[in-house]
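> below is the structure, and that's it, no one-letter string:
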């Protein structure tokens with residue numbers, strides 16, 4: 001029943017996004033919903049081997065993210081990363097909360113100059129153009145002095161939406177040398193409510 005409730009809420013949010021796409025693009029704050037597969041979520045639940053590709057629904061609004069996914073047992077989780085916090089939270093369907101040391105998961109860059117603002121030693125090289133996840137996209141090879149690339153990577157390849165700069169895919173190396181993969185299957189842009197990205201209520205009570 002809990003999982004069904006989360007799924008119904010996600011469907012309602014997607015419907016709202018589809019109805020209001022033009023408004024968000026004019027407003028300048030990128031927000032919307034994406035269906036993705038990634039190997040970076042298994043580490044949070046420890047219920048299956050690292051590197052396994054998990055399906056997830058990603059809600060984004062500016063720099064804020066909410067990533068909903070299921071672990072190997074079918075239990076649902078939400079990774080909540082508010083834009084104005086130095087940390088994030090992992091919440092399960094029962095309301096249990098685990099604080100996380102960092103709340104950053106970069107998923108947007110300048111589609112023409114993705115290394116802008118990344119420091120003197122950042123290097124981004126164009127690697128082609130094409131269609132990715134139904135969007136006109138540009139591929140880049142990147143190397144950064146710090147792990148501030150998509151998903152916290154420091155070097156690799158990424159596809160950016162040519163219009164919005166949203167990260168449609170990346171395969172890179174993290175600070176500790178782990179391989180990180182992210183692939184967007186579909187993305188819909190549109191306004192989302194700020195409440196979706198607020199810290200879980202249990203966070204104020206000390207988590208679990």
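The structure has been received and is ready for your questions. Predicted, not measured: the structure shown is a model, and the values here were computed from it.
> tally of neighbours for residue 64?
Residues within reach of residue 64, counting by other CB atoms under 10 Å, total 21. Just so you know, the C-beta spots here come from the backbone N, C-alpha and C atoms, and that holds for glycine as well.
> do the same with residue 134
12.
> show me the contacts for it.
Residues near residue 134 by CB atoms under 8 Å, 6 or more residues apart in numbering: 186, 187.
> I'd like the distance between it and residue 78.
26 Å (CB to CB, to the nearest Å).
> ok, then the element right after the helix or strand that residue 67 is a member of?
Assessed by DSSP states H and E, residue 67 sits inside strand 64-70. Where DSSP H and E defines the elements, the next helix or strand beyond strand 64-70 is strand 76-81.
> not counting the next helix or strand after that following strand itself, show me its contacts.
Using DSSP H and E, the helix or strand that follows strand 76-81 towards the C-terminus is strand 88-92. Here strand 88-92 makes contact (CB under 8 Å, 6+ apart) with 44-45, 75-82, 97-100, 102-103, 199-200, 202-203, 207.
> and if we set it to 10 Å?
2, 41, 44-45, 65-68, 71, 75-82, 96-105, 199-203, 207-208 (CB atoms under 10 Å, 6 or more residues apart in numbering).
> contacting residues for residue 69?
With the criterion set at CB under 10 Å, 6+ apart, residue 69 makes contact with 36-38, 41-42, 44-45, 54-58, 75-79.
> which helix or strand contains the closest residue to it other than its chain neighbours?
Excluding the flanking residues, the one nearest residue 69 by CB to CB, 6 or more residues apart in numbering is residue 56, at 3.9 Å. Using DSSP H and E, residue 56 maps to strand 54-61.
> pull out the buried positions in that strand.
54, 56, 57, 58, 59, 60, 61 (16 or more other CB atoms under 10 Å).
> please tell me how far the fifth one sits from residue 52.
When distances are taken as CB to CB, residue 59 and residue 52 turn out to be 22 Å apart.
> also the fourth one?
For residue 58, the distance to residue 52 (CB to CB) stands at 18 Å.
> can you map out the helices along the chain?
2-19, 21-27, 42-45 (DSSP state H).
> mean pLDDT lowest for which of those helices?
Of all those, the minimum mean pLDDT falls on helix 21-27 (a mean of 37).
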